[in-house]
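[1] Here is a sequence together with a model predicted from it:
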Amino acid sequence: MITTLYSSLATSLTDEDYIGARLFPKLSGTQYGEIAVTQSVTSGDTLTIPFSTTTSGTSMFLCGDDATPASAEFDAGNLLQLVGCTATIDGTAVADGASIAAYQDGKLRDLVLTFTGSLTVGFIGQNGAGAGFWEGQLLSHQFTISSVVQDPVIYDSGSIYYQLQRGTSLGADITSITLGAWTDNLDGSYSLVGDGSFQPLTILSTTVGKWYEVKVDVDSLSGGTLKLQADGGASISSLTTGANTVVFKATTATVSIGRDAGTITVTISGITSKLLPDSTLILYNFSASDWSQYTLQRNIVHDAGTVALGWLSNNLVVNGAFDADTDWTKGTGWTISGGTASSDGSQVGASDLSQASIVDNSSVYLHGVTVTGVTAGGVKQLSGGALGASLTADGVHAEIITASSSGLGGAQADATFVGSVDNVTIRHLIEVV
């Protein structure tokens, strides 16, 4: 797996350098996390938020509630003011008006908010409709409440996205089946044949206000539709043929699976039901594209040296091996054929080979490319408006580039470049210092 992910780097990353993988959410715009069960904090309790940011303009990173918030407000990375808390960044105390622009350099930083009074923490990352919002890669969250440390890690799910804390898990399966009119097939599956009435298979006893994750495989379904439902038949989510994952907040004492419409014949299996920890962040206004897979890696080699430790995203480029003449915008002189992109020298100036919406302004990226068949000129790796070194000879290259604007990623031929590129990769890099 690792060889495949990083095959285009100048030096292959080895298994011993690979540490682990996680999914990270990116907070931006109206995205925020609501804590599954509000946390009561007092003076001296802390919230640690390790993340990398590309914040520009005024934004708010806030926790608490609208009545008694605790917040840190930033303007282009510089701290404007603190409310209801004090702050440290990487162990150094910062005050209102502190200049912390280095906070934007693509490195992993710990923002620690220490509460100066008692409040109820109900959300992280926003301050209600119409206010500023934080923008950045949220790696984790960690409460220290009454001297009890809760260490963070990130997970995701199919329908509603959420973030757990490291050292915790969803725990044991708490499914408890009451058959009703259903048949237990004694192989882990359950069936209902030709039913047109309300005949639920009760699977779980719940506590109102808690969050749960239910997984179920619908092996076969005909004659109607199926749903996960609360007491009385109110729908929580429809269930379709195949694997289903549903995350929900309980509103009644039990949850069941039952007919939604029609006269159904159905077989289901693989039922698991788990409770989410109270400190879980339920992420709102997210979709699958807002999550990125990152790997924690030692000894990330690039042309100018080595990054000792960092998080690397998956390749953000589509069709970087040029298996087809698709996905790329080709400037003058560029063509795609036979598994490479080639520049024939017909361009009269710099000419881009690019994909849109690849990079974010001020974020740091590890670019990789294989250059072959060079007979004239040079080609540079492109990261927004920023460019790497001019590559004038055949070889495999990896460069770290800070994007100077949001948008395009790829390569740029100079006015005379004749040659080809292949194995183009662009991965967001968050250095751990």
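    Sure, I can see it.
[2] Now do V421 against V307, distance only.
    23 Å (CB to CB, to the nearest Å). (C-beta placed from N, C-alpha, C; glycine too.)
[3] Which one of these two is surrounded by more residues?
    Per other CB atoms under 10 Å, whichever of V421 and V307 has more neighbours is V421, with 27 against 19.
[4] Now do the phi/psi pair for that one.
    Dihedral angles of V421 (phi, psi; degrees, to the nearest 10) stand at phi -130, psi 150.
[5] and it, what does it touch?
    Neighbour list for V421: 340-342, 353, 369-372, 379, 411 [criterion: CB atoms under 8 Å, 6 or more residues apart in numbering].
[6] Could you dump those residues into a markdown table and include secondary structure?
    Supplementary listing: the contacts of V421 in a markdown table, determined by DSSP: H, G, I helix; E, B strand; the rest coil:
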| residue | secondary structure |
| --- | --- |
| T340 | strand |
| A341 | strand |
| S342 | strand |
| L353 | strand |
| V369 | strand |
| T370 | strand |
| V371 | strand |
| T372 | strand |
| V379 | strand |
| A411 | strand |
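[7] Now restrict those to buried residues only.
    340-342, 353, 369-371, 379, 411 (16 or more other CB atoms under 10 Å).
[8] Pick the one among those residues closest to S43.
    Comparing the buried ones among the contacts of V421 against S43 with CB to CB places V369 closest, at 53.2 Å.
[9] how about that closest one, what does it touch?
    Neighbouring residues of V369 by CB under 8 Å, 6+ apart: 8, 379, 381, 391, 396-397, 411, 421-425.
[10] on that earlier part again, may I see the contacts of V421 organised as a markdown table, with distance to L296 and pLDDT added?
    Formatted as a markdown table, the contacts of V421 follow (distance: CB to CB, whole Å; pLDDT from 0 to 100):
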| residue | distance to L296 | pLDDT |
| --- | --- | --- |
| T340 | 32 | 97 |
| A341 | 31 | 98 |
| S342 | 36 | 98 |
| L353 | 31 | 97 |
| V369 | 24 | 97 |
| T370 | 26 | 97 |
| V371 | 29 | 97 |
| T372 | 32 | 97 |
| V379 | 31 | 98 |
| A411 | 28 | 97 |
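[11] Below-threshold pLDDT in the stretch 301-433 of the chain: ranges please.
    Residue ranges of the stretch 301-433 of the chain with pLDDT under 70: 433.
[12] So which residues of it form strands?
    Assignment of strands within the stretch 301-433 of the chain using DSSP state E, counting those that start in this stretch yields the ranges 305-313, 329-330, 334-337, 340-344, 351-359, 364-376, 379-383, 386-387, 395-402, 407-413, 418-432.
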